[in-house]
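**Student:** Below are the sequence and a predicted model for it; my questions follow.
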Amino acid sequence: MAQYQLHCFAQSGNAYRAALMLNLMRADWEPVFVDFFGKAVQRTPQWRSEVNEMGEAPVLVDGERTLSQSGVILTYLSEKSGQYKPKTEDDRLEVLRWLLFDNQKVNGYLGPYRFLRWIAKPAGDPKVLEFLKGRIDNNLAIVEKRLAKTPWLVGDYPTIADISMCGYMYYPVDEMGFDIPATYPNIGKWLERIKALPGWKHPYDLMPGHPLPGR
Ligand SMILES: N[C@@H](CCC(=O)N[C@@H](CS)C(=O)NCC(=O)O)C(=O)O
């Protein structure tokens with residue numbers, strides 16, 4: 001058995017953050033498939049009592065320790081490995097700031113937007129989609145501005161804030177409804193920088209469950 005097990009599925013940008021981190025740090029890890037759309041295991045009382053009471057993926061298992069929330073998993077892995085870890089107290093707080101902003105307002109909207117427009121049957125209410133799109137555009141513009149100043153979110157070296165922020169950004173444009181690199185050139189260049197890190201892989205090559213049945 002590998003050192004780490006990651007409960008995940010290919011379409012999850014939230015889980016991608018943790019899978020990418022494990023791969024970038026060259027960890028000994030294996031995915032555990034969460035049948036999120038088929039059996040919806042995450043909704044069952046058994047999964048909630050045995051894996052994650054919050055009913056969410058990703059979940060990282062490291063021996064006796066089980067963690068959810070990608071921000072917590074990234075923090076844990078960076079502290080344990082020393083990789084992609086903020087170097088100073090100021091940077092640590094700055095990383096936390098971007099993790100929270102990302103979870104709430106960037107990928108926190110991109111995931112549901114992609115779900116409602118590309119996965120849900122029937123698709124989401126157009127008014128809801130319009131609301132989410134407006135929020136996403138505002139918040140991507142904030143990230144774009146930030147990345148005009150520094151090559152990485154927190155200065156001149158990559159941290160877990162970058163790994164978190166790219167969560168949904170490598171999925172195909174027709175799924176996402178956003179061509180992020182074309183619309184936000186600084187984000188586009190930053191995505192290329194992340195892609196060049198040794199160990200980078202696309203979410204569909206890193207986690208099980210692609211393609212979705214019937215697609
Ligand atoms: N902030 C959480 C978000 C996790 C999350 O929402 N994961 C989705 C899958 S991509 C989920 O499990 N959703 C179930 C639900 O919302 O009921 C994280 O970063 O880990």
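**Tutor:** That came through fine.

**Student:** Now the spatially most central residue of the chain, what are its backbone angles?
**Tutor:** Relative to the mean C-alpha position of the chain, the nearest C-alpha, by Cα atoms, centre = their mean, is the one of Gly167, at 2.9 Å. Per-residue torsions, Gly167: phi -40, psi -60 (degrees, to the nearest 10).

**Student:** now do Pro198
**Tutor:** Backbone geometry at Pro198, expressed as degrees, to the nearest 10, gives phi -60, psi 130.

**Student:** Chain neighbours aside, what residue packs nearest to the residue nearest to the centre of the chain?
**Tutor:** Ranked by Cβ to Cβ, 6 or more residues apart in numbering and with sequence neighbours excluded, the top spatial neighbour of Gly167 is Gly13, at 3.7 Å. Every C-beta, even on glycine, is put in place using the N, C-alpha and C of the backbone.

**Student:** what does Asp35 give?
**Tutor:** Nearest residue to Asp35 in three dimensions, chain neighbours excluded: Val41, at 5.2 Å (Cβ to Cβ, 6+ apart).

**Student:** thinking again about what came up before, hang on, the residue nearest to the centre of the chain packs against Asn14?
**Tutor:** Yes: under the criterion of Cβ atoms under 8 Å, Gly167 makes contact with Asn14 at 6.1 Å.

**Student:** Quickly list what's touching both of these two.
**Tutor:** Ser70, Asn107, Gly111 (Cβ atoms under 8 Å, 6 or more residues apart in numbering).

**Student:** ok, now which ones touch the last one?
**Tutor:** In this structure, Gly111 makes contact with Ser12, Gly13, Asn14, Gly167, Tyr168, judged by Cβ under 8 Å, 6+ apart.

**Student:** could you dump those to JSON lines with distance to the ligand, pLDDT and secondary structure?
**Tutor:** Supplementary listing: the contacts of Gly111 in JSON lines, determined by distance: Cβ to the nearest ligand atom, whole Å; pLDDT from 0 to 100; DSSP: H, G, I helix; E, B strand; the rest coil:
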{"residue": "Ser12", "distance to the ligand": "4", "pLDDT": "98", "secondary structure": "coil"}
{"residue": "Gly13", "distance to the ligand": "6", "pLDDT": "98", "secondary structure": "helix"}
{"residue": "Asn14", "distance to the ligand": "4", "pLDDT": "98", "secondary structure": "helix"}
{"residue": "Gly167", "distance to the ligand": "8", "pLDDT": "98", "secondary structure": "coil"}
{"residue": "Tyr168", "distance to the ligand": "9", "pLDDT": "98", "secondary structure": "coil"}
